[in-house]
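Asker: Requesting a structural model of the entry that follows:
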Amino acid sequence: MTKAWWMLLVPGILALAAVAVVVMLLVVKVLWAWTIPDLFPGAVQQGLIAAKISWWTAFKVAIFAAVLAALSGARYHKEK
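Answerer: Numbering: from 1, shown residues only. As a prediction, this is how the structure comes out:
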């Protein structure tokens, strides 16, 4: 019984993680397409900045943001 339970749990967790990654990348792509052309209209028009990004670029931007968040959180020390 215990082995069958694990065999159902592991694929479920992997599927949930995959869905979470896809949603995170979708959020990055949508936020990029929504904000960047408004922030930098001239640069987008000249082709210096992309108006839309690929899934791979969204993944790299998400990793970059996660690293920055981790670095800024690493210096946080709660006083007791």
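Asker: CA only for contacts and neighbour counts going forward, please
Answerer: Will do.
Asker: Pass me the low-pLDDT residue ranges in the chain, would you?
Answerer: 1-2, 74-80 (pLDDT under 70).
Asker: which helix is the longest one in this structure?
Answerer: Counting by DSSP state H, the longest helix found in the chain is helix 2-39.
Asker: Tell me which other helices or strands it touches.
Answerer: helix 55-74 (3 or more Cα pairs under 8 Å, 6 or more residues apart in numbering; DSSP states H and E).
Asker: which non-adjacent residue is nearest residue 53?
Answerer: Leaving aside its chain neighbours, residue 53 sits nearest to residue 29 (6.3 Å; criterion: Cα to Cα, 6 or more residues apart in numbering).
Asker: Next, count neighbours for the one you found.
Answerer: 20 (other Cα atoms under 10 Å).
Asker: Now do the same contact list for it.
Answerer: 52-55, 58 (Cα atoms under 8 Å, 6 or more residues apart in numbering).
Asker: got a list of what the residue most central in space within the chain touches?
Answerer: Centroid-nearest residue in the chain: residue 62, 3.6 Å away (criterion: Cα atoms, centre = their mean). Listed by Cα under 8 Å, 6+ apart, the contact set of residue 62 reads 24-25, 28.
Asker: Can you point out the buried residues in the longest helix of the chain?
Answerer: 25, 28-29, 32, 36-37 (16 or more other Cα atoms under 10 Å).
Asker: How far does that helix sit from its chain's centre?
Answerer: 9 Å (Cα atoms, centre = their mean, to the nearest Å).
Asker: same thing with stretch 42-58?
Answerer: The answer for stretch 42-58 is 17 Å, by Cα atoms, centre = their mean.
Asker: Pull the residues that contact that stretch.
Answerer: 25-26, 28-29, 32-33, 36-37, 40.
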